[in-house]
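Trainee: Fold the following and give me the result.
(2 chains)
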Amino acid sequence: AQKITQTQPGMFVQEKEAVTLDCTYDTSDPSYGLFWYKQPSSGEMIFLIYQGSYDQQNATEGRYSLNFQKARKSANLVISASQLGDSAMYFCAMREGNSGGSNYKLTFGKGTLLTVNP
Amino acid sequence: EPEVTQTPSHQVTQMGQEVILRCVPISNHLYFYWYRQILGQKVEFLVSFYNNEISEKSEIFDDQFSVERPDGSNFTLKIRSTKLEDSAMYFCASSGPARGEKLFFGSGTQLSVL
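Mentor: Alright, predicted model coming up:
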């Protein structure tokens, strides 16, 4: 079974609108972390946001927020007020086990290509 | 904000040749990683490195691969005898206790094996 599932190969959004990128995960470990990365066409991987399994509140970082629904095992990324520069591939990733130290063996999803239209 | 830097950005090599991909992790980070991304596919974990030894490696990281921290700043990935299927983007990453729950990636080295 896939550990990280991103069901949307591509998404389109109008500039200034909000968009939600879906991510579901599968783990039996009670301790885990969920990450979102942005990969523009230039290729680099840019960290966006992190949610720990024991975090009580949904993570937010500027225009990015993570809609964490633990019972559903979903960790959707919400981008508010989309900008043209948000056009990129977006990857959801998971770390299983305790945080910190060397445990950044991340499992990535296949990604969602977001296109922001003017 | 300090960055993970990788060189070269592009590397073209002939099948069977050795290549060394270089990375300078963020200063005072202690944990180092290599990931790869074959064109159009997922990003895959290769290896993690801490305290001058491999912490964990994936099944992809076979005897053709090795990592080294030759000095206090560089972290390298060596592929001893490249194969066509080694063509991919290789990402170096680092993490450290002072920077919270973040894994910082470099901008990648695109390796093309001909």
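Trainee: element containing B:F49, please.
Mentor: Secondary structure from DSSP states H and E places B:F49 in strand B:43-50.
Trainee: B:K102: neighbouring residues, count only.
Mentor: Per other CB atoms under 10 Å in any protein chain shown, the neighbour tally for B:K102 reads 16. For every residue, glycine as well, the C-beta is placed using N, CA and C.
Trainee: right, and it touches B:S94 too?
Mentor: No: using CB atoms under 8 Å, B:K102 makes no contact with B:S94, being 9.8 Å away.
Trainee: For the residue nearest the centre of chain B, report the pLDDT, please.
Mentor: In chain B, the C-alpha closest to the average C-alpha coordinate belongs to B:W34, at a distance of 3.3 Å (CA atoms, centre = their mean). Looking at B:W34, its pLDDT reads 97.
Trainee: is any part of stretch A:25-42 close to chain B?
Mentor: Yes: using CB under 8 Å from any CB of the partner chain, stretch A:25-42 reaches chain B at A:G33, A:F35, A:Y37, A:S42.
Trainee: Just checking, which helix or strand succeeds the strand holding B:F49 along the chain?
Mentor: Downstream of strand B:43-50, the first helix or strand assigned by DSSP H and E is strand B:53-57.
Trainee: immediately after that following strand, which helix or strand?
Mentor: Downstream of strand B:53-57, the next assigned helix or strand under DSSP H and E is strand B:65-68.
Trainee: Can you pull up the most central residue in chain A?
Mentor: A:W36 (3.2 Å).
Trainee: In the beta-sheet assignment, what are the partners of A:I49?
Mentor: Listed beta-bridge partners, A:I49: A:W36 (assigned using DSSP bridges).
Trainee: Measure how buried it is and give me the count.
Mentor: A:I49 has 22 nearby residues by other CB under 10 Å.
Trainee: can you check A:E44 too?
Mentor: When counting by other CB under 10 Å, one arrives at 17 neighbours for A:E44.
Trainee: A:S31 versus that one, what's the distance?
Mentor: 29 Å (CB to CB, to the nearest Å).
Trainee: Kindly report the same for B:H29.
Mentor: 22 Å.
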